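[1] fold the following and give me the result.
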Amino acid sequence: MSETKEMQTEEREALASIYEGDGFFKQVNAETFQYKYGEEDGNKSFLLEICWQENYPNELPTINMDTFYNRNLSRPLKDKITSILKEEGEQWLGCGMTYTLFECLKDKVEELLSDESLSGGTDQQVIGTNHQDDVHRSSDDDEDGDERGTKGSAAGGAGGGAGQKKEHLTKAQKRKQWDRVDNKGNRPRGWDWVDIIKHLSQTGGKPE
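    Sure thing, here's the model as predicted:
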């Protein structure tokens, strides 16, 4: 067995002994370990996953903050945690450091989640507000659009109705006019004669 493999075996046994009965600790496989911080709430906790590479502990382990459990964490917080762990791990190269990395975050959990709630919460609030504004605007636009559409339809309907009505009248007039002509298109004799009685009554003249 190589020296690194022997060191990994010893550290694995030590981790199992130290975290026995700790529900926040989990060994996924021989090289992957997880620890959960904070409350049992996706917005108030996060999960740290540490993966040993072939040359660990002579090289830093892989820090994975992109597990599904951390789906609600902001990228800045994930990057900040990774940076803290890498900086801490650099001091322990050549030694088993998984326990140290898990423990170094315990004193920072409240601060980290507080920063997240301030920044992320504000962002979410702003996003939520913008979303609500968008919904309101969209709703208002829809209402305006509906109102405009209704008015437009009403106006169009009124105009169209008037147009249609006018058009119907015109057709009716045309039909009436057509009914007044003979089969040759000529109007009957006397169609444009003036009512002499009506005309004289308007002009004041008297028939002799």
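[2] low-confidence ranges in this protein?
    Along the chain, the model assigns pLDDT under 70 to residues 1, 41-43, 117-208.
[3] where along it do the strands fall?
    With strands called from DSSP state E, the chain shows them at 25-29, 32-38, 45-51, 62-64.
[4] now the shortest one: buried residues?
    Along strand 62-64, these residues count as buried under the neighbour rule (16 or more other Cβ atoms under 10 Å): 63-64. For every residue, glycine as well, the C-beta is placed using N, CA and C.
[5] note down every partner strand of it and its orientation.
    Here strand 62-64 has these sheet partners by DSSP bridges: strand 45-51 (antiparallel).
[6] any chance of the strands of the chain in JSON lines with distance to residue 76 as columns?
    Below are those laid out as JSON lines (distance: least, Cβ to Cβ, whole Å):
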{"stretch": "strand 25-29", "distance to residue 76": "26"}
{"stretch": "strand 32-38", "distance to residue 76": "17"}
{"stretch": "strand 45-51", "distance to residue 76": "13"}
{"stretch": "strand 62-64", "distance to residue 76": "15"}
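[7] nearest to residue 11, of these?
    The minimum distance between residue 11 and the strands of the chain falls on strand 32-38, with 9.7 Å, by Cβ to Cβ.
[8] just the buried residues of that closest one, please?
    For strand 32-38, a neighbour-count test (16+ other Cβ under 10 Å) marks 33-38 as buried.
[9] wait, which of those residues is closest to residue 26?
    Checking the buried residues of strand 32-38 against residue 26 by Cβ to Cβ gives residue 34 as the nearest, at 4.5 Å.
[10] circling back to that earlier point, and the strands of the chain: which comes nearest residue 116?
    Taking Cβ to Cβ, strand 45-51 is the member of these nearest to residue 116, at 8.5 Å.
[11] excluding its own residues, what touches the closest one? List them.
    With contacts defined as Cβ atoms under 8 Å, 6 or more residues apart in numbering, strand 45-51 is touched by 28, 31-39, 61-65, 67, 69-70, 73, 77, 81, 85, 98, 101-102, 105, 112-113.
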